[in-house]
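> Build me a model from this:
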Amino acid sequence: MKLPAASPHLMTGLRLAVAYSVIGVIAGEFILSTEGIGRRVALAYNNFDNQTMYGLLVLILAFAIAVNAVLGSLSRRCHRRWYRS
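Residues are numbered from 1 along each chain as shown. All right, here's what the predicted structure looks like:
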């Protein structure tokens, strides 16, 4: 029964991995890509289009918060299931 004991650490690692992967993808698109949200943020920034830039940043933030909420819910659900008394 090692998996139930390791589940809090696994879920924390998964949540951190998702957060860092979103940051990495957006940063990679910002610098290297010709398409994608990161590139559109860079173009809006360079063209002083603040409304578009902040709108895209809010969209990215909402996506990251939603994924983190889903993973948090999954973590609580697994925790209750594996540690029933």
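
> top helix in this protein by residue count?
As assigned by DSSP state H, the longest helix anywhere in the chain is helix 50-82.

> Against which helices or strands is that helix packed?
Contact here means 3 or more CB pairs under 8 Å, 6 or more residues apart in numbering; DSSP states H and E; on that basis helix 50-82 packs against helix 2-32, helix 37-46. For the C-beta atoms, the positions are set from N, CA and C on the backbone; glycine is no exception.

> Can you say which of those is packed in most?
Highest mean neighbour count of the helices and strands packed on helix 50-82: helix 37-46, a mean of 17 (counted as mean count of other CB atoms under 10 Å).

> before we move on, back to that, pull out the buried residues from the longest helix of the chain.
Under the neighbour-count criterion of 16 or more other CB atoms under 10 Å, helix 50-82 has 53, 56, 60, 64, 71, 75, 78 buried.

> Select the helix or strand of the protein having the lowest average pLDDT value.
In the chain, no helix or strand scores lower on mean pLDDT, DSSP states H and E than helix 2-32, which sits at a mean of 86.

> Run the chain-centre distance for it.
Its chain's average C-alpha position is 7 Å from that of helix 2-32, according to CA atoms, centre = their mean, to the nearest Å.

> Now do that helix and helix 50-82, the angle between them.
Helix 2-32 runs at 170 degrees relative to helix 50-82, counting by axes from the mean of the first three to the mean of the last three CA atoms, to 10 degrees.

> could you check the angle helix 37-46 makes with helix 2-32?
Using the same axes, to 10 degrees: helix 2-32 against helix 37-46 is 40 degrees.

> so what does helix 2-32 touch, helix or strand wise?
helix 37-46, helix 50-82.

> Could you dump the ones you listed into a markdown table and include distance to G28 and mean pLDDT?
Below are those laid out as a markdown table (distance: least, CB to CB, whole Å; pLDDT from 0 to 100):
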| stretch | distance to G28 | mean pLDDT |
| --- | --- | --- |
| helix 37-46 | 7 | 94 |
| helix 50-82 | 13 | 89 |
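
> would you list the ones you listed in TSV and tack on distance to A6?
As requested, the helices and strands packed on helix 2-32 are arranged in TSV below (distance: least, CB to CB, whole Å):
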stretch	distance to A6
helix 37-46	34
helix 50-82	10
